[in-house]
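S.K.: Quick one, what's the 3D model for this:
(chains A, B and C)
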Amino acid sequence: MLLAVMMLASTVACNNLPGRPAPVSDVLRPSQQTDFAALYAQNCAACHGPRGEGGAAIALAGPLYLATVSDQVLRSVTTDGIPGTPMPAFGQSAGGTLTVQQIAALVDGIRKWVPAGAAEGVRPPSYVAGVPGEAKRGAIVYQSFCSSCHGPGGDGGKAAGSIVDPSFLALVSDQGLRTTVIFGRPELGAPDWRGDVPGHPMTDQEVSDVVAWMAAHRVPYPGQPYPSGAGKSLQGGER
Amino acid sequence: MSEEQKFSRRTLLFKLGILINTIVAVIVAVPVVGYLLSPLLKTDRYLSWISLGDIGDFPEGQTRLAGFRSPFGSAWDGATDETACWVRRIQGNQFQVFAVDCAHLGCPVRWFPQSELFMCPCHGGVYYADGSRAAGPPPRGLFEYPWKVQGGKLMIQAGQLPTLSTRA
Amino acid sequence: MTWLRNIANWLDSRLGLWAPVRDMATHRVPRRSASFFYVFGSAAFVLFILQIVTGILLAFVYVPTGADAWNSLQALNHGVWLGWFLRAIHGWGADFMVAVVLLHLCQVFLFGAYKFPRELNWVIGVCLLLLTLGMAFTGQVLRFDQDAYWGLGIGASIVGRVPFVGAVLVHLLLGGPMINGATLSRFFTLHVFVIPALLIGLVGLHLLLVLKLGINEWPMPGRVVRRETYLREYEEELRKDSIPFVPDAIWKDMVFAAAIVLAVMACAALFGPFGPRGIPDPTIIQTVPQPDFFFLWLYALLALLPPQMETPVLLVAPIFVIGAFLLLPFVAGEGEKSWRRRPVAVLSMLLIAVSLASLTSLANRTPWSPVMDAWSGDPVPRPDLQGRSPLELRGALVFQDEQCRNCHSLGGVGGQRGPALDAVATTLTQDQLIRQVLQGGGNMPAYGKNLTPPEVTALVAFLETLHPVGELPARNASQKEMENAAPLPPQSVR
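M.R.: Numbers count the residues shown, from 1 in each chain, chains lettered A, B, ... in the order given. Got it, this is the predicted structure:
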């Protein structure tokens, strides 16, 4: 009798052993995965950093950036990518693997990184160019704000590299240039629109002008020919 | 009746019993063997033309994943009746339709539009956008389904698992 | 308890089994063979019984159709009381069974127990090993998830490499044109009816032969087996120094078998059942199929063989290997039994064991597989981004975007199919980097058609920055000559 009771009790205990699989089946279809942490770690962390702090690509968790860019822009860039640049299209409608719900989950999660109101009181230049820029004025803007780091001709200086290299310009969109000029790359030491010349934040017009100046350096056949073996650096405006 | 005659009749009847059972065994064996070999008896009917959808679903210059249902399935097959394939629309009505089964040992290959490569996760086989072998253990390029455009729909002739001996 | 004894006596007077069973149980064995080295065969038998019992219990719930196998497995895991535990016992029991059968094979081989007069028992044992592996393969298919589905495709592809009859074999294996419900039914029938029936029959023969021929005596160096004299010598040994199997020798088998079964239960309780991993929907392409532990060595072998050798090895090697196993007692049926006097035997066993262990351990890491999410999930290490120019940062983006990370690691993270690129600038010059990216070679595809010139320029600019601090990048030895030579005529850009 005692043996029977002990066996019964042990079967009840048996069900709570460490080997028991979790109650909810954790085997989801890839298209059903909507957990932000898992989606971000799998799709975005390589270029934008494990916590959105930036890396090879811009920081998504910048308070000023998130306060300025709209959800619609985040969603459309994630879905369709930026053609001609290394930002790929992740949406299924554009040939990627993520559904509309998954991209919405990503955008919501990215927003949560920065508490609301973190950028209170600061008004950066508008995300999209409101006024057309002019390259000639842009050259002057460049000399004032950027040449101390990027060199007199844009070829690179003591603190930063070339921003007029044709290969570089072929791989970045005008909006990308604008975003970098406005928000900088603080994780890599590049200041935002307020820090280029302390006390003189750049205006909308100045940003548009300097972007137009950079864009004017694009060439029809960038990146070729490759060096002829003389060991010259691939960088620099020699082409 | 003498002992010899009894023996010979008994042994004759015994041998007759063996003979009858042998004949019956052969009669039973014929349908049994036929049943076991039934998957081989329909080979010419394992391929049929199946629609993958409107050609408008496949943008030009892109490779997209498509799926089709096997016409030879049974009610209890469940999801195993579905098969995936990669559709590459080169231009206009020019297509290539690849099987997802790697030509090495049949693992599903994945398309990466950025580098324009198919990569297999199992043993590292790589194929170019046109299906030709780029690197790794596959002995040939990707298996391709015969295709045609009919009534605005992309049709492929499919239905069997592609291997080095069985065409796609 | 006399009423129990009375019933037993009544049964025995009808069946007459007690006397033969008692004689069989108390048969004499050489004293030195009552050793813990001899317990693996009985442990395999006990595990076989465990697998049959748990298998029958699982078959009460499991549904072997393509539509519902997954659901019935989920029901076993989450719905049926302790169903997960039963699945776990059956799964771990299978792993343990293959391991114990292999241990038994090694022990029999090392102790020369395949020699005269036990050649037939060895042959039956080899057949039992093949049937056990057959159970392992069909069993892992019944756990119908993505590994099982694509594993069937791999099996079909292997079988499809047989010349002339490849297509016939593929359709017979699959029970139809493709992997369907018919395939699962086929494997269920094999796993539950056909192979167990063969196993039970052959195990019975195997045990019968052990009883008839006696257990192998402990091998002594210098005691050589000869057909003319062995049987007499064995009788002599039994007369001189033997003990009844029950109870003097069987207690070691009982202890070890109990320990093994407890080990299976412990693994089942602590680690739980295997999977199922991934819904077996063929349209889910993001999957990395893997076999169970007992076939990992084959997985590694097929990944590492050069492509031209694969079909010959797959088709011819099994014939040679199995043939060698079966012919062993006929080639080496006499001679020394002790492993101390059989260096070829010991070395070849060590070689096979080390090879299988290395291949299995490699298959746990799969260095040959590209890491499919590394391009979008593994960040570029921070030190590789500091102080880089905008072009070089674009190059880092191109590096990730073009799936380079899937095969090449940075900072120890990423794919291992290609070399780690943390110091690539010290081993390749600029020219060599450009050539490698454009033309590939070996396991690397040619990216020339898939990259635009600015992408190549940016990528190579980034790769040129990858050298450890303080180490100089590789230099083209003819660079100085080129720099001093006359300038080349201007080239047309188009």
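S.K.: Strands of chain B, residue ranges please.
M.R.: Using DSSP state E, the strands of chain B run over residues B:48-54, B:63-69, B:82-91, B:94-99, B:110-112, B:117-119, B:126-128, B:133-135, B:147-150, B:153-158.
S.K.: what number of residues lie near residue 49?
M.R.: Going with chain A. 23 (other C-beta atoms under 10 Å in any protein chain shown). Every residue, glycine included, has its C-beta placed from N, CA and C.
S.K.: ah, I was thinking of chain B
M.R.: Around residue B:49 there are 14 residues (other C-beta under 10 Å).
S.K.: okay, it: pLDDT?
M.R.: Looking at residue B:49, its pLDDT reads 93.
S.K.: what about it, distance to chain A?
M.R.: Residue B:49 is 26 Å from chain A, where distance means C-beta to the nearest C-beta, to the nearest Å.
S.K.: Look up the residues forming beta bridges with that residue.
M.R.: For residue B:49, the beta-bridge partners are residue B:157 (DSSP bridges).
S.K.: ok, now which ones touch the residue nearest the centre of chain A?
M.R.: By C-alpha atoms, centre = their mean, chain A has its centre lying nearest to residue A:58, at 3.4 Å. Residues near residue A:58 by C-beta atoms under 8 Å, 6 or more residues apart in numbering or on different chains: A:48, A:65, A:179, A:180, A:183, A:185.
S.K.: I figured residue A:214 hits residue A:164, correct?
M.R.: Yes. Shown here, residue A:214 and residue A:164 form a contact pair, counting by C-beta atoms under 8 Å, at 6.4 Å.
S.K.: Between these two, which contacts overlap?
M.R.: Shared contacts of residue A:214 and residue A:164, counting by C-beta under 8 Å, 6+ apart, come down to residue A:154.
S.K.: Neighbours of residue A:187, how many?
M.R.: Per other C-beta under 10 Å, the neighbour tally for residue A:187 reads 16.
S.K.: residue boundaries of the strands in the stretch 101-250 of chain C?
M.R.: Residue ranges of the strands in the stretch 101-250 of chain C, as given by DSSP state E, counting those that start in this stretch, are C:224-225, C:242-244.
S.K.: To chain B, which of these lies closest?
M.R.: strand C:224-225 (42.8 Å; C-beta to the nearest C-beta).
S.K.: Just checking: what are the partner strands of the closest one?
M.R.: Paired strands of strand C:224-225, defined by DSSP bridges, are strand C:335-336 (antiparallel).
S.K.: how about JSON lines for the strands of the stretch 101-250 of chain C, with mean neighbour count and mean pLDDT added?
M.R.: As requested, the strands of the stretch 101-250 of chain C are exported to JSON lines (neighbours: other C-beta atoms under 10 Å in any protein chain shown; pLDDT from 0 to 100):
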{"stretch": "strand C:224-225", "mean neighbour count": "18", "mean pLDDT": "88"}
{"stretch": "strand C:242-244", "mean neighbour count": "17", "mean pLDDT": "88"}
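S.K.: Show me the helices in chain A, by range?
M.R.: Counting by DSSP state H, chain A has helices at residues A:2-14, A:36-43, A:45-48, A:63-68, A:71-80, A:100-112, A:135-145, A:147-150, A:166-170, A:174-183, A:204-215.
S.K.: out of these, which comes closest to residue C:166?
M.R.: Of all the helices of chain A, helix A:36-43 sits nearest to residue C:166, with 38.5 Å by C-beta to C-beta.
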